[in-house]
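J.: I'd like to go over a predicted model; first the sequence, then the structure.
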Amino acid sequence: MSHWLHWIDLLGVAVFAISGTLMAYRKHMDGFGVIVLASVTAIGGGTLRDMILDLPVFWVQQPDFLYAILIAAMVTIFWLRITHKFPYQTLLVADALGIAFFNIMGMQKALDQGTGAFIAIVMGTMTGVFGGLIRDVICREIPLVLKGELYATTCIVGGILYVSALALGISDLPAMALGMLATLLLRLGAIRWHWQLPVFQGSH
Amino acid sequence: MSHWLHWIDLLGVAVFAISGTLMAYRKHMDGFGVIVLASVTAIGGGTLRDMILDLPVFWVQQPDFLYAILIAAMVTIFWLRITHKFPYQTLLVADALGIAFFNIMGMQKALDQGTGAFIAIVMGTMTGVFGGLIRDVICREIPLVLKGELYATTCIVGGILYVSALALGISDLPAMALGMLATLLLRLGAIRWHWQLPVFQGSH
Amino acid sequence: MSHWLHWIDLLGVAVFAISGTLMAYRKHMDGFGVIVLASVTAIGGGTLRDMILDLPVFWVQQPDFLYAILIAAMVTIFWLRITHKFPYQTLLVADALGIAFFNIMGMQKALDQGTGAFIAIVMGTMTGVFGGLIRDVICREIPLVLKGELYATTCIVGGILYVSALALGISDLPAMALGMLATLLLRLGAIRWHWQLPVFQGSH
């Protein structure tokens, strides 16, 4: 992985750590609860991906991912203590950036392991959304990712574009950039215009 | 694995996927939530088993398991949209078939890895019930498998019969058939006559 | 691992199994629910640690850990049925002993795998607290470990003392004893004098 990609990877982890810290703030958790929720959100998806692909878990090899989580959580707490409010719009944009990057990086890891395109898309989506799902389960929320809003679908569409580009003979870096850009723009559009998937109107 | 066993395996996965889709329907989830719940229910137990036994995760090798989940979920949604009701009795029977098969297949995988009979029974039961447990945790239900009804116990009894048959020198296929049949009949009996394990009457 | 350490390890597992059994009792679970909750609490942290470090999962190799869980759960159920009350103070002390041991044993496993001190502390804390976290998630409680009381922090402090002692050239067994003793005493102090970490006073 090039130096440049590693820094964006760290940024993605930090952004998800902020989202976990925010949830901990809402749930009145203590200092350790903040760290656990921030970590689970930031590295839960990638940890599951690496365990399923039988790869070394990425943050065991590179502890700077955990340092990024600690710094992001502490800065967020500090900010919340001072301002008592949070820049949600900025977070949503940063979160979209994180999803876009995690999705395509997760897919590349899977393809490197020799999986087919379909499994790679599953792995990318899992990397992008699983951390947030565990965060919500721990906090006894019905996971956001399972409710209406266009979230995981953006990963799937971005992933299909990425593998389609590879299949058309486009080289890896431009294909990754295309997949990330598509995931990012679709997610930003879903946030801006409240795009939704149809939700079951079934009875209990 | 023979062709015949693989098809029953796919059937078991599809049946559990239907049960996850039904839960998503009750919880008013969207299209992606349906896929996640269906997948977690269908392959959660086997994924954990393979990770604990340090085997390649089965569906990474064979994506047709995921196709079976997608098809089962879509057919179920289509059916629910049209009829607004669901054939619960048929599902319970199919679910019992799935448990019986997952239980004994999980045990065989463990025994192949050289575990003892006790660990194999644990692995079989885990394969049979863990997916449903995660499904219920994600949906904020107290897991059905932990409440009263005879569910996991059928896996344990079927598993004991399977390893006992092997210990008596019966060859693998008839021993597996015996274990599956016992699990299936015990589960069907539990559904039909509401057999229960004693539940704690303790105070809060 | 020496024979002596193995027995304390079994004791730690048994103590956590008792805590899971108690939770199942409060939640009116059946016999199998008791076994699942007891097992998840007792071996959940160590299982995750071994999967992340890519080690063989410890209880697959040594089924006596599962026997210890079964015996602890059955004795606890028997006790609850006869007395209808539980010696909470004794349990808290035993639980503190379990945490102290799991924490340092988890760290040693990580260090043996060649991880740095920071990752080792993360692994130790995970081993000590993750089982209880999964137990609470399954039972739809906000995990105790994330709420106010000084719990995980004792693992971190004990862990820092252990790696500091190693860095100062102290040999492994005395360093481990120091780390365990620090974890134990800090946890007992937190129980006795209700030491707490600051909890967020944020609004919903």
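T.: The structure has been received and is ready for your questions. Fair warning: this is a prediction, and the values are worked out from it, not measured in the lab.
J.: can you list the weak-confidence ranges in chain A?
T.: When residues are selected by pLDDT under 70, those of chain A lie in A:1-2, A:86, A:144-149, A:196-204.
J.: residues from it in reach of chain C?
T.: Contact residues, chain A versus chain C (Cβ under 8 Å from any Cβ of the partner chain): A:24-34, A:36-37, A:47, A:51, A:56-57, A:59-60, A:63, A:66, A:80, A:84, A:137-140. Placement of C-beta: from N, CA and C, glycine included.
J.: mind checking which of the residues you listed are buried?
T.: A:24-25, A:27-34, A:36-37, A:47, A:51, A:57, A:59-60, A:66, A:80, A:137-139 (16 or more other Cβ atoms under 10 Å in any protein chain shown).
J.: keep only those of the residues you listed that are also close to chain B.
T.: Filtering these for proximity to chain B (criterion: Cβ under 8 Å from any Cβ) leaves A:51, A:137.
J.: among the buried ones among the residues of chain A next to chain C, which are located in helices?
T.: A:24-25, A:31-34, A:36-37, A:47, A:51, A:59-60, A:66, A:80, A:137-138 (DSSP state H).
J.: and of these, the nearest to B:Asp9?
T.: A:Met51 (22.1 Å; Cβ to Cβ).
J.: and that closest one, what is it in contact with?
T.: Going by Cβ atoms under 8 Å, 6 or more residues apart in numbering or on different chains, A:Met51 touches A:57, B:51, C:51-52.
J.: tell me the spacing between it and A:Ala38.
T.: 20 Å (Cβ to Cβ, to the nearest Å).
J.: got the buried residues for the helix or strand containing A:Leu22?
T.: Applying DSSP states H and E as the criterion places A:Leu22 in helix A:3-26. Along helix A:3-26, these residues count as buried under the neighbour rule (16+ other Cβ under 10 Å): A:8-25.
J.: got it, and stretch A:80-98?
T.: Buried residues in stretch A:80-98, counted by 16+ other Cβ under 10 Å: A:80, A:86, A:91-98.
J.: contacting residues around it?
T.: A:11-13, A:15-16, A:18-19, A:22, A:25, A:79, A:183-184, A:187-188, A:191, C:200, C:202-203.
J.: with stretch A:59-78 instead?
T.: Stretch A:59-78 has contacts (Cβ under 8 Å, 6+ apart) with A:9-10, A:13-15, A:17-18, A:20-22, A:25, A:34-35, A:38-39, A:42-43, A:46-47, A:58, C:52-53, C:115-116, C:118-119, C:122.
J.: one more time with 7 Å
T.: By Cβ atoms under 7 Å, 6 or more residues apart in numbering or on different chains, the residues outside stretch A:59-78 that reach it are A:10, A:13-14, A:17-18, A:21-22, A:34-35, A:38-39, A:42-43, A:58, C:52-53, C:115-116, C:118-119, C:122.
J.: picking up where we left off before, tabulate the buried residues of stretch A:80-98 (a markdown table), appending secondary structure and distance to B:Leu166.
T.: What follows is the buried residues of stretch A:80-98, written out as a markdown table (DSSP: H, G, I helix; E, B strand; the rest coil; distance: Cβ to Cβ, whole Å):
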| residue | secondary structure | distance to B:Leu166 |
| --- | --- | --- |
| A:Leu80 | helix | 60 |
| A:Phe86 | coil | 60 |
| A:Leu91 | helix | 57 |
| A:Leu92 | helix | 57 |
| A:Val93 | helix | 59 |
| A:Ala94 | helix | 56 |
| A:Asp95 | helix | 52 |
| A:Ala96 | helix | 54 |
| A:Leu97 | helix | 55 |
| A:Gly98 | helix | 50 |
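J.: of those, closest to chain C?
T.: Distance ranking of those against chain C, using Cβ to the nearest Cβ, places A:Leu80 first at 6.5 Å.
J.: what's the burial count for the closest residue to A:Pro143 other than its chain neighbours?
T.: Nearest non-adjacent residue to A:Pro143, counting by Cβ to Cβ, 6 or more residues apart in numbering or on different chains: A:Asp136, 4.0 Å away. Neighbour count for A:Asp136, taken as other Cβ atoms under 10 Å in any protein chain shown: 20.
J.: so which strand or helix has A:Val163?
T.: Using DSSP H and E, A:Val163 falls within helix A:152-167.
J.: meant to ask about A:Phe101
T.: Going by DSSP H and E, A:Phe101 is part of helix A:88-112.
J.: next up, the contacts around A:Asn104.
T.: For the record, residue A:104 is Ile, not Asn. By Cβ under 7 Å, 6+ apart, A:Ile104 lies in contact with A:124, A:158, A:162, A:176, A:179-180, A:183.
J.: sorry, slip of the keys, the one I care about is A:Trp7.
T.: No residues are in contact with A:Trp7 under the rule Cβ under 7 Å, 6+ apart.
J.: so it versus A:Phe101, what's the distance?
T.: 11 Å.
J.: which neighbours do these two share?
T.: By Cβ under 7 Å, 6+ apart, no residue touches both A:Trp7 and A:Phe101.
J.: tell me if the helix holding A:Val163 is near chain B.
T.: Yes - judged by Cβ under 7 Å from any Cβ of the partner chain, helix A:152-167 comes into contact with chain B at A:152-153.
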